[in-house]
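# I'll drop the sequence and a predicted model, then ask my questions.
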Amino acid sequence: MNGFHHIAVIGGGAWGTALAQVVAKSGLQVTLWAREREVCEDINTIRENRTYLPGVALNGAIHATNDLGELAGADMALVVTPAQHTRATMEVFARHQRDGAPLVLCSKGIEQGSLKLMSEVLAETSPGSPIAVLSGPSFAADVARGLPTAVTLACEDPDLGEKLMAALGSASFRPYYAPDVVGAEIGGSVKNVLAIAAGIVEGKGLGKSAHAALIARGFAEMTRLAVALGAKAETLSGLCGLGDLVLTCSSPQSRNMSCGLALGRGERLQDILGARNSVTEGVASAPAVVALARRHGVEMPICEAVNRVVSGKSGVDEAIKDLLSRPFTSEAV
Ligand SMILES: NC(=O)c1ccc[n+]([C@@H]2O[C@H](COP(=O)([O-])OP(=O)(O)OC[C@H]3O[C@@H](n4cnc5c(N)ncnc54)[C@H](O)[C@@H]3O)[C@@H](O)[C@H]2O)c1
Ligand SMILES: O=P(O)(O)OC[C@H](O)CO
């Protein structure tokens, strides 16, 4: 027995809903907090999240609530709020959280302004709670439908990591343990920014060779930043780094890649974002990734270019021209 019976899921978007489905299928009690009343009503009555995960039949054991207080007895909480809303949500949750109950961070992003990783935000809002990170190539719709998926479960304490994997894992949802929380977080945050660039490459018709070059050079950027922050390079070679980078840069099912695709085809960012109710984390994380890289003296030219485009400081064509006119250099990370 791993001691986890009641799991809280904080965030009723596509990913929180998919993870609630995973937990419910394993026979554990799951309470899902969603911000929108209509999402809770839909999940509890028609067993579908029509707002964020339409078309997927949900397990009848998922109980959705609008009240963070209903999560009070949970043995573990999965944190699945968009990165820029995590602090505010978790400050309220902390008033109800069971002492010592671990938090599993499932969001991917860096806080603007403070430049803090989400694990640092959670350490401030829930001091003393053990923190793990679940990250990897995983589209919510695939996971919610039970398609095979593998993710990194990063946690400094290997015993806790093992218990979390036993509680959350199944034949179709396969966590792999890593001790490196920072590496897992940087992988998930930076791949979103790079996926916008990959979408631009596709939208501008720059070809598959450019696409592959972008993934390889983007991976070097991601690894450089992670190592500068104390992570192990090998973590980035895993599911939470390279694995997620390949998925997110290769499929327009990704919100970040599809945002880049539309930018590459000439659409305006505000129109692209205005037409969706889902989160495009790379847009919010780009300025934080770039600022963090500058603080640590790390070169991230692709992320810098994406940041200039999403902040309106340069057009897509100018950003591409700038990148292609950089001096030739060594390939070493
Ligand atoms: N969707 C996926 O396939 C997937 C997979 C892995 C990780 N993630 C990560 O999970 C996190 C959540 O993404 P998602 O896809 O579940 O979201 P989503 O795009 O499906 O839904 C948007 C979410 O944002 C919430 N929201 C909007 N404004 C808010 C506010 N002011 N305060 C609090 N919450 C607010 C909504 O309630 C909703 O839960 C992101 O960090 C994302 O990168 C998503
Ligand atoms: O749709 P995206 O771009 O937010 O990507 C979703 C997941 O992070 C893929 O692993």
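Happy to help now that I have it. Ligands and ions are numbered 1, 2, ... in the order given.
# what are the phi and psi angles of whichever residue of the stretch 1-150 of the chain sits closest to ligand 1?
For the stretch 1-150 of the chain and ligand 1, the shortest gap (C-beta to the nearest ligand atom) falls at residue 13, measuring 2.5 Å. Just so you know, the C-beta spots here come from the backbone N, C-alpha and C atoms, and that holds for glycine as well. Backbone torsions for residue 13, taken as degrees, to the nearest 10, come to phi -80, psi -170.
# neighbours around it, how many?
Applying other C-beta atoms under 10 Å, we find 23 residues neighbouring residue 13.
# residue 67 now?
Neighbour tally, residue 67, other C-beta under 10 Å: 11.
# contact residues of this structure facing ligand 2?
Listed as neighbours of ligand 2 in the chain under the rule C-beta under 6 Å from any ligand atom: 108, 137-139, 192, 195, 244, 247-248, 254-256, 281.
# from these, which ones fall inside helices?
Residues of the residues of the chain next to ligand 2 located in helices (DSSP state H): 192, 195, 244, 247-248, 255-256, 281.
# domain assignment for the chain?
The chain is divided into the following domains under the TED database: 6-179, 183-325.
# can I get these in TSV including mean pLDDT?
Listed next are the domains of the chain as TSV, based on pLDDT from 0 to 100:
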stretch	mean pLDDT
domain 6-179	97
domain 183-325	98
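# any chance of those domains in JSON lines, with distance to residue 332 too?
Shown next, in JSON lines, are the domains of the chain (distance: least, C-beta to C-beta, whole Å):
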{"stretch": "domain 6-179", "distance to residue 332": "24"}
{"stretch": "domain 183-325", "distance to residue 332": "8"}
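# follow-up on the earlier one: highest neighbour count among the residues of the chain next to ligand 2?
Result: residue 195 is most packed of the residues of the chain next to ligand 2 (other C-beta under 10 Å), 32 neighbours.
# where along this protein do the strands fall?
Here the chain has its strands, by DSSP state E, at 6-10, 29-33, 62-65, 76-79, 103-105, 131-135, 149-154, 173-178.
# can you add mean neighbour count and distance to residue 204 and give those strands back as JSON lines?
Compiled in JSON lines, these are given as follows (neighbours: other C-beta atoms under 10 Å; distance: least, C-beta to C-beta, whole Å):
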{"stretch": "strand 6-10", "mean neighbour count": "26", "distance to residue 204": "38"}
{"stretch": "strand 29-33", "mean neighbour count": "25", "distance to residue 204": "40"}
{"stretch": "strand 62-65", "mean neighbour count": "20", "distance to residue 204": "41"}
{"stretch": "strand 76-79", "mean neighbour count": "28", "distance to residue 204": "36"}
{"stretch": "strand 103-105", "mean neighbour count": "26", "distance to residue 204": "34"}
{"stretch": "strand 131-135", "mean neighbour count": "27", "distance to residue 204": "29"}
{"stretch": "strand 149-154", "mean neighbour count": "24", "distance to residue 204": "31"}
{"stretch": "strand 173-178", "mean neighbour count": "20", "distance to residue 204": "35"}
